[in-house]
Structures are given as C-alpha cells and as structure tokens.
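Engineer: I would like to see how this sequence folds:
(one chain, ligands or ions: 1)
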Amino acid sequence: MQIVEPSFEIQDDLDQASLVIRLEACGRICYKSEEKISRDSALPFVTKIAEYGHNSVLEMAAVTLRVTGCSEEQIAELLACEPRYIFIDRVADALLVTGSIRSFRELSQRVGHTALVRAMVDFQAGSHPYLFEGVWSGPSPELTAGIAVKKLPLAEVELLEPELLARHRFLGVKFIINRAVTHELVRHRPCSFLQESQRYCRYSQDKFGNQVTFVKPMFYAEDSPEYGLWREAMERTEQLYLQLLETSTPQAARTVLPNSCKTEIIVYCNLAEWSHIFRLRCSPAAEPSMREIMIPLAAKVKERYPQLD
Ligand SMILES: Cc1cc2nc3c(=O)[nH]c(=O)nc-3n(C[C@H](O)[C@H](O)[C@H](O)COP(=O)(O)OP(=O)(O)OC[C@H]3O[C@@H](n4cnc5c(N)ncnc54)[C@H](O)[C@@H]3O)c2cc1C
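Structural biologist: This is a model prediction of the structure:
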C-alpha cells in the first residue's frame, strides 16, 4: 500500500489548451487513463463521451461570449428561457455570456429556436460541430441576422472589473484527497466535478503499482498508537480488496474500501463560487482535513485575485 499527503493543483495549463484537449484531460481522470492521451486522441474521446451521456465531462470547459447587435426583445426572450448554469451580464453595448459546453448544449436543445441562443450556438458549433451533435441543426442566418458573437479570450476575462470577473472567470482545481473530503466537496451543487472512479479503476493493475493508495490522516502523528491502528486497518483492507478482485469486479471489490482511500477530483466553477466555498470550508467549523487543503488553496487564489472578496 502507498500513503500520500493531500495536494491540489490549479489547472493553469488547461486554460491555455483547446476545448477538446481540456475536455479529454479532465474526462480521463475518471478512468485514470491519462497514458492514452496522444496527438489524435481528444476528438474521438470527447465524441464518445458525448454519445454515452457522460455529460459532466462537457461541463469542464466554460466559454465566455461577447454578444452585440441584439434587440431588447431578444434579450428579454433569452432571459425568459431561464438559462441554467449560464451567467449573463450587460456591459455597455453588449451581453457577456459564460457557460459550459453542456449548458449551451442543453439550452440549444430546449430553446434553440430563439435568436440569441441560436446565434451563440451557431458561433460555437461553427468551430466545434461535434460538441453540438444531436442538439443543433446547422446555422440559421435569417433568425440571427444582425447579432454578432465573439469569444472573449481568457486574457480579457481576467481584465474584467471584480464583480464580472467573479462571475465569468472559471477556475479548475485538481485535488488529491481522501474520499471523505470529496463527499463533502460534491455538496457544492453549482460546481462541476469529475472524479477518479473506483468502478473503473482496478488498483491491482501495474499502473496503480498493484496496490491501494491512502491519504495520510492529519489527525494522528506518525509515531502515535492511533496512527499505528489506522495503518493496520488500511493494510488489512488492502489485502481484502485485492483478494476480492481475484474473483470479482472493481465495483464489487470497492465496497470494502474506506474513507481514507486516495482519490482525484477536479472541481470547476467560477471565482464567485470559489469564494463561497472558501468561506464555508476554511472556517473553524469546517472539517480539519478539508481546511488542511482549502486554506492554502484560498491563499493562492487570493494572491492571484486580490481584488475579490
Ligand atoms: C461546517 C459544515 C458542516 C456541515 N454538516 C453537514 C451535515 O452534518 N450533514 C449534511 O448533510 N451536510 C452538512 N454540510 C453540508 C452543507 O449543508 C451544504 O450542503 C454544503 O456546505 C454545500 O453548501 P452550499 O451552500 O455551498 O452549496 P449548495 O447547497 O449546492 O448551494 C449553492 C447554491 O445553489 C442554490 N441551490 C442549489 N440547489 C438548490 C435547491 N434544491 N434548493 C434551493 N437552493 C439551491 C442555493 O441557493 C445556493 O445559492 C455541512 C457543511 C459545513 C460547511
């Protein structure tokens, strides 16, 4: 068995990647199949994921659009559709609209016949038609006449005034933590999550070192009797898990795995939601293993965006 410390990583590298590369890199965390990433793997991976309905992968890329040339009636029509998980703000002569591929897909499916929705989806599907397969029937120039849609590059999103920055800047963080902490994290419903799956991962495989990995509990000093007991329990659990794998599937064998199991999870949301999470999860009332990871992350985010609460 292996014991690791908890850690986190802000996914800056993926912010610079194309949409499909970003989606593939995030999606593969579920299967821990990152070794399969190649120059040509992203498109087939993402297309298959969309077909399977593994929809949360499509939440892992948010796009900010600057929309001009629309009438007050068209804006009212868009708002009346009550777009879900999409952030809309008026700025001077334009609308700023941020949402994930999934949110735009579902909006298109539901109200793709409305002018602003169609214009935004036409724009995105123009460069990435495979992401809108089944929910988009091609451009509709008559319906969208006069409306201009442009992508707002991340560098420009970063320059928005604080209130807009908080709503439109999405940040992905990959955590390596235990399963008890991820159970708490996934309660923050406005976020998008992707997590290593114990159904698909078979820890007896070479790529996992033929062993189970656990996160060191911050509650016990390494030389304490309690730590000794915890270690003993993990060793025994690992033996039983590996034994069960000899005759059953990972999804069956995982039923013996404990909260201390190491897992990887990506949390993706806007800065306003991160601020809210930090307020709840850095407070003295929060669970200590959650604070252990959230306090340093909050400090890092604050250092980058001192203008935010
Ligand atoms: C110190 C602490 C102790 C806790 N203890 C427990 C516990 O013992 N047991 C337990 O089960 N949980 C517990 N929780 C979890 C807690 O109740 C929340 O579920 C969790 O903190 C996420 O809250 P949230 O407001 O960020 O997210 P959400 O509850 O997801 O809310 C985020 C936003 O989405 C909106 N929203 C989303 N869905 C709905 C909906 N259906 N109805 C209304 N509004 C919605 C809310 O208005 C809110 O603005 C604890 C949390 C903390 C911080």
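Engineer: can you pull the pLDDT of Glu133?
Structural biologist: Glu133 carries a pLDDT score of 89 in this model.
Engineer: Which residue lies closest in space to it, excluding its sequence neighbours?
Structural biologist: Sequence neighbours aside, Ala50 is the residue nearest to Glu133 in space, at 6.3 Å (criterion: C-beta to C-beta, 6 or more residues apart in numbering). C-beta coordinates here come from the backbone N, C-alpha and C atoms, glycine included.
Engineer: what do you get for Ile86?
Structural biologist: Distances taken as C-beta to C-beta, 6+ apart put Gly99 closest to Ile86, at 3.7 Å, once the chain neighbours are dropped.
Engineer: so the one you found touches Glu106, yeah?
Structural biologist: No: using C-beta atoms under 8 Å, Gly99 is not in contact with Glu106, being 9.4 Å away.
Engineer: Of these two, give the one with the bigger neighbour count.
Structural biologist: Set side by side, Gly99 and Glu106 show more neighbours around Gly99, with 25 against 19, by other C-beta atoms under 10 Å.
Engineer: pretty sure the more buried one is in a strand, no?
Structural biologist: Yes: applying DSSP: H, G, I helix; E, B strand; the rest coil, one finds Gly99 inside a strand.
Engineer: now it: how far from the ligand?
Structural biologist: Distance, Gly99 to the ligand, by C-beta to the nearest ligand atom, to the nearest Å: 16 Å.
Engineer: By proximity to the ligand, which residue of the stretch 151-300 of the chain wins?
Structural biologist: In the stretch 151-300 of the chain, the residue that lies nearest the ligand is Arg189 (3.1 Å; C-beta to the nearest ligand atom).
Engineer: Work out for me the element that residue sits within.
Structural biologist: Under the criterion DSSP states H and E, no helix or strand holds Arg189.
Engineer: Kindly report the same for Ile295.
Structural biologist: helix 288-304.
Engineer: if we can go back for a sec, what count of nearby residues applies to the residue of the stretch 151-300 of the chain closest to the ligand?
Structural biologist: Neighbours of Arg189 (other C-beta under 10 Å): 7.
Engineer: and the residue lying farthest from the centre of the chain, what does it touch?
Structural biologist: The outermost residue of the chain relative to its centre, with distances by C-alpha atoms, centre = their mean, is Pro225 at 38.5 Å. Counting by C-beta atoms under 8 Å, 6 or more residues apart in numbering, Pro225 makes contact with nothing.
Engineer: One more: Ser108?
Structural biologist: Contacts for Ser108 (C-beta under 8 Å, 6+ apart) come out as 117-118, 121, 132, 135-136.
Engineer: Recalculate using a threshold of 10 Å.
Structural biologist: By C-beta atoms under 10 Å, 6 or more residues apart in numbering, the contact list for Ser108 reads 114, 117-118, 120-122, 124-125, 132, 134-137.
Engineer: Take these and, keeping just the buried ones, write it as a PyMOL select command.
Structural biologist: In PyMOL, this line selects whichever of those come out buried by 16 or more other C-beta atoms under 10 Å:
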select buried, resi 114+117+118+120+121+122+124+125+132+135+136
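Engineer: Save the contacts of Ser108 as a markdown table, and put in secondary structure too.
Structural biologist: As requested, those are exported to a markdown table (three-state DSSP):
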| residue | secondary structure |
| --- | --- |
| Thr114 | coil |
| Val117 | helix |
| Arg118 | helix |
| Met120 | helix |
| Val121 | helix |
| Asp122 | helix |
| Gln124 | helix |
| Ala125 | helix |
| Phe132 | helix |
| Gly134 | coil |
| Val135 | coil |
| Trp136 | coil |
| Ser137 | coil |
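Engineer: thinking again about what came up before, point out the other helices and strands that the helix holding Ile295 packs with.
Structural biologist: strand 7-10, strand 170-178, helix 179-185, strand 213-215, helix 271-281 (3 or more C-beta pairs under 10 Å, 6 or more residues apart in numbering; DSSP states H and E).
Engineer: Counting neighbours, which bits of stretch 68-77 end up buried?
Structural biologist: 70, 74-75, 77.
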